[in-house]
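Peer 1: Predicted model and sequence follow; I will ask about them next.
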Amino acid sequence: MLRPKPYALLDLVEAKTPAVQRDFVTKATQLANDVGGRLALANKVLPPMFIPDERALEADRATDLLVITWYPTTEAGEAAFAARKEWADQFAHRTYATQPIMPFVLKINNAMLFTLGLFNRAAVPMNEDQQQIQSLIATADIVQGVGIYKGNWTEQLELSNNQPIWMLNFLEYTEEANFEVDAEHASAEPISGAEAYAEYGDRMATSLASVGGRIVWRSTAPEQLSGTDDGQWHEIAIATYPSTQALLTMYAKPAYRAAHVYRKAGLARTRLVATQPIAEE
């Protein structure tokens with residue numbers, strides 16, 4: 001007998017105040033609990049680290065809250081979503097239904113990352129070392145692209161306040177990986193965008209581990225259930241870092257920059273959202 005596949009709802013919510021954020025989290029959690037599910041994540045979004053793709057015309061600063069609820073079956077998740085009709089219209093939000101990667105798989109991967117990090121720890125600068133911080137920002141702009149925001153890393157550093165950050169990644173793969181910009185690093189044989197992104201994941205693992213980073217969430221086949229049409233994504237993932245400085249340090253590592261070629265070649269578009277856990281009161 002096949003074991004039922006778990007199901008998750010991922011919400012990006014406009015909630016300008018902590019009180020409104022708590023209200024949405026409370027309501028979503030209660031519905032999840034009612035059908036045997038649970039709250040997996042409740043984070044505030046740190047604008048303006050919301051990097052749009054070519055579909056976006058301007059910075060999207062309307063998203064204030066990230067909530068993920070987990071369910072043991074698709075039927076349970078669908079029931080919880082249907083029960084929202086009594087209150088969901090109070091919030092502007094986008095909801096995605098996804099298939100989460102099993103937690104034990106992530107635990108195994110993160111145990112390996114922890115071991116790698118013990119033997120390859122990178123020095124992460126503090127805020128006081130502004131010269132080094134500005135050098136890291138310049139490198140990050142080269143790796144990720146400046147986008148339409150100028151000074152976004154500076155604001156991100158201030159908002160994150162040297163606390164851990166959780167980077168939400170929306171990923172759409174190309175049908176075939178495109179190494180046109182970095183032809184000298186191209187794969188010997190044509191590969192798909194998904195294969196190129198998997199190669200990126202393998203190659204960047206040591207760099208991620210060296211700054212104390214890890215993967216805390218992965219889900220596939222996201223289907224948008226509500227909100228403005230956001231196009232088709234193939235995967236949603238969340239990586240956490242001890243600080244924004246740690247993330248910038250990873251971007252500056254030569255091994256990461258070499259791995260990033262495969263990320264760039266494998267993605268048709270991507271979107272990053274910087275978040276932090278909501279403080280408990």
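Peer 2: Yep, that arrived. Numbers count the residues shown, from 1 in each chain.

Peer 1: For this structure, just list every one of the strands.
Peer 2: 7-14, 38-51, 65-71, 92-100, 165-173, 214-226, 235-241, 267-277 (DSSP state E).

Peer 1: what angle do the second one and strand 7-14 make?
Peer 2: Computed with axes from the mean of the first three to the mean of the last three C-alpha atoms, to 10 degrees, the direction of strand 38-51 lies at 50 degrees from that of strand 7-14.

Peer 1: so what secondary structure elements neighbour strand 38-51?
Peer 2: Contacts defined by 3 or more C-beta pairs under 8 Å, 6 or more residues apart in numbering; DSSP states H and E place strand 38-51 against helix 18-34, strand 65-71, helix 152-160, strand 165-173, strand 267-277. Bear in mind the C-beta positions are built from the backbone N, C-alpha and C, glycine included.

Peer 1: same thing but at 10 Å, please
Peer 2: strand 7-14, helix 18-34, strand 65-71, helix 152-160, strand 165-173, strand 214-226, helix 244-252, strand 267-277 (3 or more C-beta pairs under 10 Å, 6 or more residues apart in numbering; DSSP states H and E).

Peer 1: Give the partner strands of the shortest one in its sheet and their orientations.
Peer 2: Each strand that pairs with strand 65-71, with its direction, by DSSP bridges: strand 7-14 (antiparallel), strand 38-51 (antiparallel).

Peer 1: between those, which gets nearest to Thr220?
Peer 2: strand 7-14 (10.5 Å; C-beta to C-beta).

Peer 1: Apart from its neighbours in sequence, what residue is nearest the residue nearest the centre of the chain?
Peer 2: The residue lying closest to the centre of the chain (C-alpha atoms, centre = their mean) is Leu168, at 1.5 Å. Nearest residue to Leu168 in three dimensions, chain neighbours excluded: Val273, at 4.1 Å (C-beta to C-beta, 6 or more residues apart in numbering).

Peer 1: For Arg257, see how far away the one you found is.
Peer 2: Distance, Val273 to Arg257, by C-beta to C-beta, to the nearest Å: 22 Å.

Peer 1: Which one's more surrounded, these two?
Peer 2: Just comparing Val273 and Arg257: by other C-beta atoms under 10 Å the higher neighbour count belongs to Val273, 21 against 16.

Peer 1: Give the bridge partners for that one, please.
Peer 2: Phe50, Leu168.

Peer 1: same question, Ala97
Peer 2: Applying DSSP bridges, one finds that Ala97 bridges with Leu9, Glu223.

Peer 1: who are the neighbours in contact with it?
Peer 2: 7-10, 71, 74, 77-78, 81, 219, 221-226 (C-beta atoms under 10 Å, 6 or more residues apart in numbering).

Peer 1: Let me know the pLDDT of it.
Peer 2: Per-residue pLDDT puts Ala97 at 96.

Peer 1: Please verify my assumption that Leu157 contacts Ala246.
Peer 2: No. If you go by C-beta atoms under 10 Å, Leu157 and Ala246 don't touch, sitting 11.3 Å apart.

Peer 1: Pull out the buried positions in stretch 240-259.
Peer 2: Within stretch 240-259, the residues that count as buried by 16 or more other C-beta atoms under 10 Å are 240-253, 256-257, 259.

Peer 1: Over to stretch 228-243?
Peer 2: Neighbour count says stretch 228-243 has 230, 233-243 buried, by 16+ other C-beta under 10 Å.

Peer 1: Can you give me the first-to-last residue distance of that stretch?
Peer 2: 31 Å (C-alpha to C-alpha, to the nearest Å).
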